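> fold the following, please.
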Amino acid sequence: MFESWAHLYDDVYAARGKDYRKEAEYLRAVIGVAMDSTRVPESSPPAGSFESGSGPPPTRLRLLDVACGTGLHLRHLSQHFAAQGLDRSPEMLRVAREHLPSTRFHQADMTRFQLRQTFDVVTCLFSSVGYLDGPEDLNIAIATMAEHVSEGGCLLVEPPVSRERVQPPEVSEDVFFSGGRQWRRKTDATLDGPLLRIRFLYSRAGQEEPNGAVDEPALRDKPLCDEQLCDEQPIYLFTDEEMKTAFQRAGLEWSRDPKGPSGLGLHVGSRRS
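Got it, this is the predicted structure:
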């Protein structure tokens with residue numbers, strides 16, 4: 001999963017308008033509410049000070065982003081926190097290290113990692129918990145993440161879309177540039193009980209125009225190149241009650257922000273000191 005198209009990941013979501021900086025600022029505000037707000041910095045350090053290798057100031061809160069993907073949330077969160085990332089995909093981590101060469105990354109599954117350290121903030125974003133197999137795996141993953149939350153810290157988990165908002169079959173198509181080539185991504189989704197089954201089909205669709213402009217109607221009429229990538233992903237759509245149970249079983253005080261950084265909501269767990 002993701003290995004075949006990790007190199008396309010950032011470009012397709014940039015084309016879809018995903019704003020990692022804005023989402024990171026939203027998360028920082030939530031963290032300020034979940035924790036003692038005086039501990040959360042209000043301003044950024046000088047641009048490039050963290051990535052230049054100078055290291056984070058000792059007063060920075062520690063943050064771990066679980067299922068960090070290509071590290072674009074971390075790129076912005078690292079301006080405010082001493083951040084690390086964790087993901088099970090070596091290809092996603094390869095891209096993340098290119099983005100943030102000075103950041104420490106760990107390759108591990110969210111249900112079975114043990115870093116032997118705790119963090120003031122642990123995040124799991126972009127609906128990544130949806131790739132778990134069901135409530136039992138969710139309980140294990142939340143407990144594992146909670147074990148890495150220090151006293152007074154918090155765990156933030158962005159869920160998949162709710163079952164009530166899904167009206168499959170859903171079909172969409174995106175056109176974007178990556179590596180100087182035009183690509184087309186077709187997506188279709190069907191609901192199978194608590195599972196949302198998503199199929200992505202990526203097709204190379206010609207050379208990039210010299211001025212970088214996309215003539216989308218013309219592009220749709222072009223024959224596809226031979227190269228295609230297909231990825232099928234089952235996403236488990238957890239209910240709020242299943243999320244709440246997992247947080248409480250892990251010993252965290254649970255609350256839910258109905259909006260969240262991208263409109264899907266956000267589950268917040270606090271470990272009171």
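> residues in contact with His7?
With contact set as Cβ atoms under 8 Å, 6 or more residues apart in numbering, His7 has these partners: 91, 95, 178-179. (C-beta placed from N, C-alpha, C; glycine too.)
> for the stretch 1-150 of the chain, what spans make up the strands?
For the stretch 1-150 of the chain, the strands defined by DSSP state E, counting those that start in this stretch cover 62-66, 82-87, 104-107, 119-124, 149-157.
> list the contacts of the residue lying closest to Gly134 once chain neighbours are set aside.
Take Gly134 and drop its neighbours on the chain: the residue closest to it by Cβ to Cβ, 6 or more residues apart in numbering is Tyr236, 5.8 Å away. With contacts defined as Cβ under 8 Å, 6+ apart, the neighbours of Tyr236 are 129-134, 138, 160, 194-196.
> return the member of those nearest to Thr245.
Distance ranking of the contacts of Tyr236 against Thr245, using Cβ to Cβ, places Leu138 first at 8.7 Å.
> list the contacts of the closest one.
If a contact means Cβ under 8 Å, 6+ apart, then Leu138 has 129, 132, 236, 238, 242-243, 246 as its contacts.
> redo that, cut-off 10 Å
The contact partners of Leu138, taken as Cβ atoms under 10 Å, 6 or more residues apart in numbering, are 110-111, 129-130, 132, 157, 159, 236, 238, 242-243, 245-247, 249.
> cool, and Tyr131?
For Tyr131, the residues meeting the contact criterion (Cβ under 10 Å, 6+ apart) are 1-2, 67, 88, 109-110, 137, 141, 160, 233-236.
> and what of Gly130?
Gly130 makes contacts with 138, 158-161, 195-196, 198, 233-238, as judged by Cβ under 10 Å, 6+ apart.
> coming back round to it: and the furthest pair within the contacts of Tyr236?
For the contacts of Tyr236, the farthest-apart pair by Cβ to Cβ is Leu138 and Leu196; their separation is 15.2 Å.
> just to revisit the earlier point, among the contacts of Tyr131, which ones are buried?
If you count burial by 16 or more other Cβ atoms under 10 Å, the buried members of the contacts of Tyr131 come out as 2, 67, 88, 109-110, 137, 141, 160, 235-236.
> pLDDT wise, what is the residue nearest to Ala146 when sequence neighbours are not counted at?
Distances taken as Cβ to Cβ, 6+ apart put Ala250 closest to Ala146, at 3.7 Å, once the chain neighbours are dropped. In this prediction, Ala250 carries a pLDDT score of 98.
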